[in-house]
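Asker: Give the three-dimensional model of this entry:
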Amino acid sequence: MLDQTDMNILNELKGNSRITMKELGDKVHLTGQAAAARVAKLEDQGVIEEYTIQVNQSEMGYFIHAFLTIYTQNTFHKSYLTWVETEKDFVINHYKISGDGCYILECQFPSYERLNEFLVDLNRHANYKLSIVINKQ
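Answerer: As a prediction, this is how the structure comes out:
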């Protein structure tokens, strides 16, 4: 069970996972050593799974952000799943879902031409519904 201090630690780390343990301790009213011990405990318990960075996709040359709801044509998904593995340059996240569709792909593309090529290839394996991100709120 997480207490309020654990929740405060997690919130601080979500905002800046590169914070020093001393700075983290100051923000959550602990010593740096006590903050480090709490973080280690959260890691050991599996609450903290990994540390990541957030990359500005536009600065990396990916100007189009899209979500695709995937509708497989039959219950055999191997062809689609194998194809998705080959498209890691464009796929940010891939979720198996319930409800409308079978999967959701979150993707990034450098151009509409490359998006179109991706969709033509995808259509060999599954049907889809495309949503383009206009603005991240």
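Asker: residues contacting the residue most central in space within the chain?
Answerer: In the chain, the residue lying closest to the centroid (CA atoms, centre = their mean) is residue 93, at 5.3 Å. Contacts for residue 93 were tallied using CB atoms under 8 Å, 6 or more residues apart in numbering; they are 104-106. The C-beta positions use only the backbone N, C-alpha and C, and glycine is treated the same way.
Asker: if we go to 7 Å?
Answerer: residue 106 (CB atoms under 7 Å, 6 or more residues apart in numbering).
Asker: Look at it and tell me its secondary structure.
Answerer: For residue 93, the assignment made with DSSP: H, G, I helix; E, B strand; the rest coil gives strand.
Asker: Neighbours of residue 35, how many?
Answerer: Around residue 35 there are 25 other residues, counting by other CB atoms under 10 Å.
Asker: For the strand or helix carrying it, the averaged confidence score.
Answerer: Assigned by DSSP states H and E, residue 35 falls within helix 32-44. Mean pLDDT, helix 32-44: 97.
Asker: Can you give me the domain boundaries for this protein?
Answerer: Domain ranges of the chain: 4-44, 64-132, per automatic domain parsing.
Asker: Mind putting the ones you listed into JSON lines with distance to residue 54?
Answerer: Output for the domains of the chain, formatted as JSON lines (distance: least, CB to CB, whole Å):
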{"stretch": "domain 4-44", "distance to residue 54": "10"}
{"stretch": "domain 64-132", "distance to residue 54": "11"}
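Asker: starting at the chain centroid, how far to the helix holding residue 35?
Answerer: Averaging C-alpha positions (CA atoms, centre = their mean, to the nearest Å) puts helix 32-44 25 Å from its chain's average.
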